[in-house]
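coords below, sequence missing:
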């Protein structure tokens, strides 16, 4: 078995007496789509934000490709090849769709000083166009992202996370507020990105069909702890998961 | 179609700016030069406020630092052409220092931090008489010459100001088209997302302040020889608020916003002098009304009209589709 891409060991985070994350451990393998599910308040987002440097964990270790990344800033993590999306839409509203994609990768090219004299597209035009084609947003590529429909903005938001060709992308509820036909489209896109680029993803999602149909393995969190980790079939059949979260 | 039109409009405006002094008297040319100086200052503030989204109420302090740098150096016998880049450099460095609070606080708190800086700088200009002349100021600041060409005359000095403004506008345009421009806009629209995409929020915040301050420094360096006298009065917090107003009225984040905003801030009060004691009231009321109807500034008008036109077209299309469906149902 190949070495894990991401290893999270005994991660803990409390807010006063509330243990939001209580000793969570898991690993994500190269090329794997890893799902995280659990009821509201189970600590998924706190775990996610601790991994992504948005909040500092109280204890535990996070390793990326064997290197300790615990407590690194979101900026440093991005430079090390970690992309992310947020629960809510986070596009740059007054910039065009194409510029949203360009800015999502330009900081990986050269030094800050050299970027002052770089071409407006930083030499990333072809890569942006490829993602625009893949996400089928070519007809709105020159429009301000803020003027698009919610679903279109969601696609832009997800495409931005892949623009710098990261090793690992963490997606926080990519289907939130999205209509059923677009849910299928997002799943197909992620499957294609996983297949063609060997990308590894961690996906938090409440849409069970989406998670079970897309992910190779799924982790269930309840009250800040890991209840189970396994294949979608194993998770569906796990009595503890059925009792605590999925129901019958 | 839009590019040739824009090019033609730009060329016509440039020709008008070159020709205009020949149709104006001394005071008219002075006012025009005054406007150009404020265009340079507010181009910098537009970068800090309009593009990078930082709140700054201390821009007049940089304007003053630029003006005093040139005035003091020229009084010490140094050339204006040495003073000008030194003023820009000193303001760039000051801008980095003033930008540090922006890494900790945002919005109104940042505005107050920069306002505090402006007050401190103004008090320094007023109280340190040995250096700045205090309230008596520095007088007889000579206008420069270059390679035997004197800029002493009011028209010649206007053209010098215009040339400097054109060069700085071209530089800013290039900067905004470069990846830096996108990074500044990302910083304004959503700093958390920007950082998650690898944008060095700290670095770009400091740069936005520093470059904006350098523009104010150059404007100040042009301002001192324009008036041939400086005292602390034009560099107070009130002046910073006025510059902020110019950016907001013109349209923050619009390249030509400062040109329009500075015209409103500099020229409109002169036109309103016929109102005598009421002119400040009329000016203030005009600004209040403008902010109510056009919070994104005058240059947002074309975009608003376009959005309204598109909304009307979309409504008409929906109505037509509904009518077709109704017709089909029967």
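That came in fine, so what should we check first? As the structure is a prediction and not an experimental result, all values here were calculated from the model. Residues are numbered from 1 along each chain as shown, chains lettered A, B, ... in the order given.

so the chain: which segments form each domain?
Just so you know, I chose chain A. Listed by automatic domain parsing, the domain ranges of chain A are A:1-81+A:167-248, A:91-165.

I was after chain B.
The record's domain split for chain B, according to automatic domain parsing, is B:28-296, B:302-330.

low-confidence regions, the chain specifically.
You didn't pick a chain, so chain A it is. Along chain A, the model assigns pLDDT under 70 to residues A:1, A:246-248.

right idea, wrong chain: chain B
Under the criterion pLDDT under 70, the flagged ranges of chain B are B:1-2, B:328-330.

quick check, central residue of it?
residue B:42 (0.7 Å; CA atoms, centre = their mean).

so the closest residue to that residue other than its chain neighbours, which state does it fall into?
Nearest residue to residue B:42, sequence neighbours excluded (CB to CB, 6 or more residues apart in numbering or on different chains): residue B:258, at 3.8 Å. Where you see a C-beta, it was placed from the backbone N, CA and C, and this is true even at glycine. Of the three states, residue B:258 takes helix under DSSP: H, G, I helix; E, B strand; the rest coil.

residue B:46 contacts residue B:258, correct?
Yes - between residue B:46 and residue B:258 there is a contact under CB atoms under 8 Å: 5.0 Å.

now for these two: what residues contact both?
B:247, B:250 (CB atoms under 8 Å, 6 or more residues apart in numbering or on different chains).

that older thread, could you dump the domains of chain A into JSON lines with mean neighbour count and distance to residue B:139 added?
As requested, those are exported to JSON lines (neighbours: other CB atoms under 10 Å in any protein chain shown; distance: least, CB to CB, whole Å):
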{"stretch": "domain A:1-81+A:167-248", "mean neighbour count": "18", "distance to residue B:139": "50"}
{"stretch": "domain A:91-165", "mean neighbour count": "19", "distance to residue B:139": "40"}
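
tabulate those domains (JSON lines), appending distance to residue B:150.
What follows is the domains of chain A, written out as JSON lines (distance: least, CB to CB, whole Å):
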{"stretch": "domain A:1-81+A:167-248", "distance to residue B:150": "52"}
{"stretch": "domain A:91-165", "distance to residue B:150": "35"}
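
let's have the ones you listed in CSV, adding distance to chain B.
As requested, those are exported to CSV (distance: least, CB to the nearest CB, whole Å):
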stretch, distance to chain B
domain A:1-81+A:167-248, 4
domain A:91-165, 4
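
nearest to residue B:115, of the ones you listed?
Nearest to residue B:115 among these is domain A:91-165; the distance by CB to CB comes to 26.9 Å.

what about that closest one, start to end distance?
18 Å (CA to CA, to the nearest Å).

likewise for stretch A:50-69?
The first-to-last residue distance of stretch A:50-69 comes to 11 Å (CA to CA).

name the residues that touch it?
Here stretch A:50-69 has contacts from A:3-14, A:21, A:23-24, A:46, A:49, A:70-74, A:76-77, A:80-82, A:84, A:167-168, A:170, A:202, B:196, using CB under 8 Å, 6+ apart.

picking that back up, so how far is residue B:73 from the residue nearest to residue B:42?
Applying CB to CB, to the nearest Å, the value for residue B:258 to residue B:73 is 27 Å.

more neighbours, these two?
Ranked by neighbour count (other CB atoms under 10 Å in any protein chain shown), residue B:258 and residue B:73 place residue B:258 first, with 32 against 18.
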